[in-house]
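*Asks:* sequence and predicted structure, then a few things I'm wondering about:
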Amino acid sequence: MSNRIWGLLILWIIFWLWYLFYWYYFVYSLVNITFVTNVDNFNVSMESTQKNYDFECESNSCDYASISPFQYSVILKSSGYKDIKYNWKPSKENYQQNIDFKKDFKLEESNLLSQDNATQILIDTIDSQKEDTIAEKIQKLKDKAQVHLIIERNNNEYTFKKNGSGMDLYRNEKLLGNFEFANKSDISLEEIKGNTNYLSIVLNKNKYLFSIQTGKINEYILEIPIIYIKGTDTNGQFIFVTNKWSFVYDLYKNTFTYNTHFSDFVFFDKNSLVWIIHKDEIEKRSRFEYDNITEKTLIIQFTPDLKESSILLETEKNISKIFKQDGKIYFEDENKSNFVLSHLEE
């Protein structure tokens, strides 16, 4: 057989192979596929060496007709959610894909300066630009002589002034209440995270929660060193974060409940809480089977009734505090910067 005939025969075989390939993959075996998700708007990208597809879906379920059954790299995207990537070869048996998007939680820097703080800063700025009269200067000198101790916390200035045998406490020149006298070294004052109506005050080793609204002084006894105190959504309930993990405190019963599981947490909703596993908490990582994630701080959502936990975020930041305010979860790092956890609201 001549070379020309062999050449024609090879071309004829190639043509029919190509035709059979085209007919099988682009005509006979086309698949109608369906994506069903838990979100109402998403994008689908399917790439193969033979054909690519891009789809938009404006509901939680969309159908796409006449898809060639190649092996695809699939990427699903939805705003505010993590991208979903996997390999898939559509067929008449697995034409439907049921997909669950997970929130793409991020720590976003937040300014927690309240409107009251902002207004006071503006007033102080204006006042500082005024020229004092002689009478005002004399009064300021008298006030200064009464000042015993000034403590600054988060754009607020707390001043203890001597008053007879006791002390008056002012916040930004507004009188809050009267207290027993204590030496400067025996006084400490901290604001309560997530609850602006209370202050934590220690005088002469006596520990108090002070209500700014009512002026009531509530004494408690807790010998363990306290790292910080925060409020919850329940009136009269606080969380004391200490060197021995966390205690839930009932102000009205004056009782502490020791929490053995979580070193620092907040109640998120009626069924779950959000807590932190720090980088060095090896035992906790092992207990919840997170010991394979060793170099990052973990932010966990935990449902006690179901004993279910899920990782909301892995972060390189050294989180020192977690608290809740206005339905949002906030974090404070070692540099006193505040962050909100995106996409997580009640």
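*Replies:* Received, thanks.
*Asks:* now Ser61. Nearest residue, chain neighbours left out?
*Replies:* Val36 (4.7 Å; C-beta to C-beta, 6 or more residues apart in numbering). To be clear about C-beta, it is placed using only N, CA and C from the backbone, and glycine gets the same treatment.
*Asks:* for Lys307, see how far away the one you found is.
*Replies:* 29 Å (C-beta to C-beta, to the nearest Å).
*Asks:* re the thing from before, burial measure for the residue nearest to Ser61, as a count.
*Replies:* With neighbours defined by other C-beta atoms under 10 Å, the count for Val36 comes to 15.
*Asks:* show me what Asp63 is bridged to.
*Replies:* Applying DSSP bridges to Asp63 gives these bridge partners: Thr34.
*Asks:* could you chop this protein up by domain?
*Replies:* Domain ranges of the chain: 3-98, 107-345, per automatic domain parsing.
*Asks:* which residues does Phe240 contact?
*Replies:* Residues in contact with Phe240 (C-beta atoms under 8 Å, 6 or more residues apart in numbering) are 222, 226, 229, 246-249, 256.
*Asks:* worst average pLDDT in the domains of the chain?
*Replies:* Lowest mean pLDDT within those: domain 3-98, a mean of 80.
*Asks:* chain center to that one: distance?
*Replies:* Computed by C-alpha atoms, centre = their mean, to the nearest Å, the chain-centroid distance of domain 3-98 equals 39 Å.
*Asks:* begin at 25 from here
*Replies:* Sure thing, new numbering starts at 25, so read that last one as domain 27-122.
*Asks:* for Ile353, see how far away Ile236 is.
*Replies:* Remark: distance between Ile236 and Ile353 (C-beta to C-beta) = 24 Å.
*Asks:* and Asn111, by the same measure?
*Replies:* Separation of Asn111 from Ile353 (C-beta to C-beta): 35 Å.
*Asks:* among those two, which residue is more densely surrounded?
*Replies:* Ile353 (24 against 9).
*Asks:* tell me which element the more buried one falls in.
*Replies:* Using DSSP states H and E, Ile353 sits in strand 352-357.
*Asks:* list the strands paired with that strand, with their directions.
*Replies:* strand 343-349 (antiparallel), strand 362-369 (antiparallel).
*Asks:* got a list of contacts for that strand?
*Replies:* Counting by C-beta under 8 Å, 6+ apart, 131, 134, 136, 217-218, 290, 292, 298, 323, 341-348, 362-365, 368-369 sit against strand 352-357.
*Asks:* switch to 6 Å and redo it
*Replies:* 298, 341-347, 362-365, 368-369 (C-beta atoms under 6 Å, 6 or more residues apart in numbering).
*Asks:* kindly report the same for stretch 218-225.
*Replies:* Contacts of stretch 218-225 with the rest of the structure, by C-beta under 6 Å, 6+ apart, involve 213-214, 216, 232-237, 253-255, 347-349.
*Asks:* ditto for stretch 295-309
*Replies:* With C-beta under 6 Å, 6+ apart, stretch 295-309 has contacts from 286, 288-292, 315, 321-322, 324-327, 343, 346, 353.
*Asks:* mind picking the two most distant members of those?
*Replies:* Using C-beta to C-beta, the contacts of stretch 295-309 reach their maximum pairwise distance at Phe291 and Asp315, which is 26.4 Å.
*Asks:* what about the helices in the stretch 25-174 of the chain?
*Replies:* With helices called from DSSP state H, counting those that start in this stretch, the stretch 25-174 of the chain shows them at 27-47, 139-152, 158-170.
*Asks:* circling back: nearest to Val98, out of the strands paired with strand 352-357?
*Replies:* strand 362-369 (23.4 Å).
*Asks:* so for that closest one, what gets flagged as buried?
*Replies:* With burial defined by 16 or more other C-beta atoms under 10 Å, the residues of strand 362-369 counted as buried are 362-366, 368.
*Asks:* how about stretch 109-120?
*Replies:* For stretch 109-120, by 16+ other C-beta under 10 Å, it's Pro114.
*Asks:* measure that stretch end to end?
*Replies:* One end of stretch 109-120 sits 16 Å from the other (C-alpha to C-alpha, to the nearest Å).
*Asks:* kindly report the same for stretch 271-290.
*Replies:* The straight-line separation of the ends of stretch 271-290 (C-alpha to C-alpha) is 11 Å.
*Asks:* cool, stretch 237-247 as well?
*Replies:* Start-to-end, stretch 237-247 (C-alpha to C-alpha) is 27 Å.
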